[in-house]
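Chemist: sequence and predicted structure are below.
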Amino acid sequence: MISKVNDSIELSCTAFGYPVPVIEWKRVNLLNTSDYINNIIELPENAYNETVAGTNNITSTLIIDDIQYEDFGYYLCVATMSSSELSEDVQALSSISTVTVSPEGSVNISSNGTDTKIGDTVRLVCSSRGGPNNQYSWTHYSSNEVIGDKPELILAIDSVDQFGEYKCSVSNEAGTDNSTSIVNGILSVNLIPASDVVFLEYGDSYNLTCASLSVSSLSVQISWYKDDELINNTETQVLTLNYTSPESVSNGGSYKCIAQGTIGSSIGESNSVLIIFAPHIIQTPSNIQTRVARKIQFICNATGYPLPSIEWRRISVENDLTTLQDIDNVTVDLPYNITNDSSINMNEVSSVLTLQSVDYDDFGYYVCIATLTSDDVYVLLNNSNVTLMDYHAISSTATLTVSPLGSVQVNPSSVLAYYGETVVLNCTSRGGPNNQYTWDIESGAIVIGRSDQLTLELNNLRLFSYYQCRVSNDAGSDRVSHIEMMFMFYLIILM
């Protein structure tokens, strides 16, 4: 008799004899009747019998309603005839009737195969109900070949081919059922180069390689993650990062790769690498020529990841300097009347140095410095064991030229001298840098000097005249005119 759970079955038994015997139903746990007395188990709770008796026979029907998995087994009827005329009871046994309950809906697998590595041992246990004589067969999803016929399957993992889905099929005469379990494999995956942090300079190109060290022959699908978010359309083993524009710094962050085996469910997650884009000046401040009392602004834009901070320095040399130590050696005080306003625009930070009212002494050479400190990186890296340094980008020098207009003076402003004397005139100015001096005689008709000091040997009467000092730079010029050189006579008395 075959059945599924929740079905109803009937077993019928007819016995003959006189006097009419009594029929009892038994369930035993073996397939023969030789020792049934010692192998009786209880009938199902939901079993009952109906009896119809004749003059010399009796028929008993065992009915099991709403049959359950545990109701399977071996059933027989026992006909017993008792009489005072008999010295002992007489029994007759029927043949064994097997009730087979399908395992359908009862098959499950328990496994220790979560996060399995090469070299591990995995134990899969298939359980089922129903019966009797449930037959087991194990297969791997990659093949229909049966790899086990016991409830327990032991796997010594020595290849990634063993990762993946396993199916346990259980069958008996009443039906079949199956269940699956996945052995999840962990691949040994690393990023190459294996660094905690990588600094890219502007113009660099850098390759991150997702490598499976222990299963190099495995065909895998690569997924890349930045800051734990999946990067779409990046399934290549090598991820290339370029630093060629401000937009590049949006690629800064913490990278890792996950390798998913195309054979089975093998999976591996790499270490993380923090990609830092070193500061880079993308808009250097421009030279400015101006007059006093005017407002001027220097603008400096920089990029990097994380975004750097910008500071301003005034230095005493015109040369472009490349190291912070060089800058420190020639730094002079910034003007007192400055403001520095910073703003962030997408992948750039902008700093505006404003002089609200330029003074003569504000001239000089200005640079902006974009700085990424080690503390900025430690916040992202969260690993104080890595030794880091500050990174700086230094702009080219921007010259602020202030016109000397209104500042030129000559000392003395007039001279009374004798013929043959030597006279020194000094011309002073403010503003700068690189003020150029020119001395003219007779309203510019003759140039007689090109420094701030003019020395005259008065050995020619034409030198007794009017002089002017002109001072000029890239921002403008100014002059002082009509410096009078007067002639004195010697009075010689002959005795």
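Modeler: Thanks, I have it.
Chemist: can you list the neighbours in contact with the one helix or strand Glu50 maps to?
Modeler: Element membership for Glu50 (DSSP states H and E) is strand 47-53. By CB atoms under 8 Å, 6 or more residues apart in numbering, the surrounding residues in contact with strand 47-53 are 20, 23, 25, 58-64, 71. From N, CA and C alone the C-beta is placed, and that goes for glycine too.
Chemist: I'd like the next helix or strand past it.
Modeler: Using DSSP H and E, the helix or strand that follows strand 47-53 in sequence is strand 57-64.
Chemist: check which residues of that following strand are buried.
Modeler: 58, 60-62, 64 (16 or more other CB atoms under 10 Å).
Chemist: what's the farthest-apart pair in those?
Modeler: Farthest-apart pair in the buried residues of strand 57-64 is Ile58 and Ile64; separation 20.1 Å (CB to CB).
Chemist: follow-up on the earlier one: pull the most distant pair out of the contacts of strand 47-53.
Modeler: The largest separation in the contacts of strand 47-53, counting by CB to CB, is between Val20 and Asp71 at 29.2 Å.
Chemist: compare these two (neighbour count), which wins?
Modeler: Asp71 (23 against 16; other CB atoms under 10 Å).
Chemist: distance of that one from Glu229?
Modeler: Separation of Asp71 from Glu229 (CB to CB, to the nearest Å): 55 Å.
Chemist: just Val349 next, same as before
Modeler: As defined by CB to CB, Val349 lies at a distance of 24 Å from Glu229.
Chemist: wait, Ser111 touches Ser181, no?
Modeler: Yes. Judged on CB atoms under 8 Å, Ser111 makes contact with Ser181 at a distance of 4.8 Å.
Chemist: quick check: neighbours shared by the two?
Modeler: Leu124.
Chemist: show me the helices in the stretch 201-350 of the chain, by range?
Modeler: For the stretch 201-350 of the chain, the helices defined by DSSP state H, counting those that start in this stretch cover 324-330.
Chemist: low-confidence regions, it specifically.
Modeler: The stretch 201-350 of the chain contains residues with pLDDT under 70 at 212-219, 234, 261-266.
Chemist: repeat the analysis, applying 50 as the threshold.
Modeler: When residues are selected by pLDDT under 50, those of the stretch 201-350 of the chain lie in 213-218.
Chemist: circling back to that earlier point, now render the contacts of strand 47-53 as TSV, adding pLDDT.
Modeler: Output for those, formatted as TSV (pLDDT from 0 to 100):
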residue	pLDDT
Val20	88
Ile23	92
Trp25	93
Ile58	93
Thr59	94
Ser60	94
Thr61	94
Leu62	94
Ile63	94
Ile64	94
Asp71	94
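Chemist: please, which helix or strand holds the residue nearest to Gly73 when sequence neighbours are not counted?
Modeler: Distances taken as CB to CB, 6 or more residues apart in numbering place Arg27 nearest to Gly73, at 5.0 Å, with adjacent residues excluded. Element membership for Arg27 (DSSP H and E) is strand 22-28.
Chemist: packing partners for that strand?
Modeler: If you count contacts as 3 or more CB pairs under 8 Å, 6 or more residues apart in numbering; DSSP states H and E, strand 22-28 packs onto strand 9-16, strand 40-41, strand 47-53, strand 57-64, strand 73-81.
Chemist: restrict that strand to CA atoms and write it as PDB.
Modeler: Provided in PDB are the C-alpha atoms of strand 22-28 (Å, rounded to 0.1, in the frame of the first residue of the first chain):
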ATOM      1  CA  VAL A  22     -11.200 -12.400  16.700                       C
ATOM      2  CA  ILE A  23      -9.000 -10.200  14.500                       C
ATOM      3  CA  GLU A  24      -6.400  -7.700  15.900                       C
ATOM      4  CA  TRP A  25      -4.100  -5.500  13.800                       C
ATOM      5  CA  LYS A  26      -0.400  -5.100  14.600                       C
ATOM      6  CA  ARG A  27       2.300  -2.900  13.300                       C
ATOM      7  CA  VAL A  28       5.900  -4.300  13.500                       C
END
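Chemist: could you give the angle of it to strand 57-64?
Modeler: Following axes from the mean of the first three to the mean of the last three CA atoms, to 10 degrees, one obtains 40 degrees for the angle between strand 22-28 and strand 57-64.
Chemist: ok, strand 22-28: who's next to it in the sheet?
Modeler: If you go by DSSP bridges, strand 22-28 pairs up with strand 40-41 (antiparallel), strand 73-81 (antiparallel).
Chemist: now the longest one: buried residues?
Modeler: This points to strand 73-81. For strand 73-81, by 16+ other CB under 10 Å, it's 73-79, 81.
Chemist: nearest to Val408 among the residues you listed?
Modeler: Val408 lies nearest to Gly73 out of those, by CB to CB, at 123.0 Å.
Chemist: does that closest one really touch Ser97, like I thought?
Modeler: No. Using CB under 8 Å, Gly73 is not in contact with Ser97; the gap is 9.7 Å.
Chemist: bridged to the closest residue to Ser181 other than its chain neighbours, which residues?
Modeler: In space, and not counting its chain neighbours, Ser181 is closest to Ile109: 4.0 Å by CB to CB, 6+ apart. For Ile109, the beta-bridge partners under DSSP bridges are Cys126.
Chemist: I figured Ile109 hits Val170, correct?
Modeler: No. Proximity of Ile109 to Val170 does not meet the contact threshold set by CB under 8 Å, at 10.5 Å.
Chemist: which of these two has more neighbours?
Modeler: Per other CB under 10 Å, whichever of Ile109 and Val170 has more neighbours is Val170, with 26 against 20.
Chemist: what's the pLDDT at that one?
Modeler: Looking at Val170, its pLDDT reads 97.
Chemist: for it, helix, strand, or coil?
Modeler: Three-state call for Val170 (DSSP: H, G, I helix; E, B strand; the rest coil): strand.
Chemist: okay, and the beta partners of it?
Modeler: Going by DSSP bridges, Val170 forms beta bridges with Tyr136, Asp177.
Chemist: for it, list the residues it contacts.
Modeler: By CB under 8 Å, 6+ apart, the contact set of Val170 is 103, 106-107, 126, 128, 134-136, 176-178.
Chemist: quick one, strands of the stretch 301-450 of the chain?
Modeler: For the stretch 301-450 of the chain, the strands defined by DSSP state E, counting those that start in this stretch cover 309-315, 331-332, 338-345, 348-355, 364-372, 391-394, 398-402, 409-411, 414-418, 422-428, 436-441, 446-449.
Chemist: among those, which comes closest to Ala302?
Modeler: Proximity to Ala302 (CB to CB) singles out strand 364-372 among these, at 3.6 Å.
Chemist: how far away is Tyr305 from Leu372?
Modeler: Distance of Tyr305 to Leu372, given as CB to CB: 9 Å.
Chemist: tell me if I'm right that Ile222 and Gly268 touch.
Modeler: No. Ile222 lies out of contact with Gly268 (CB under 8 Å); the separation is 10.3 Å.
Chemist: list the residues that contact both of the two?
Modeler: 258-259.
Chemist: which one's more surrounded, the two?
Modeler: A direct count of neighbours by other CB under 10 Å for Ile222 and Gly268 places Gly268 higher, at 23 against 19.
Chemist: which residues touch the more buried one?
Modeler: Gly268 makes contact with 186-189, 212, 258-259 under the criterion CB under 8 Å, 6+ apart.
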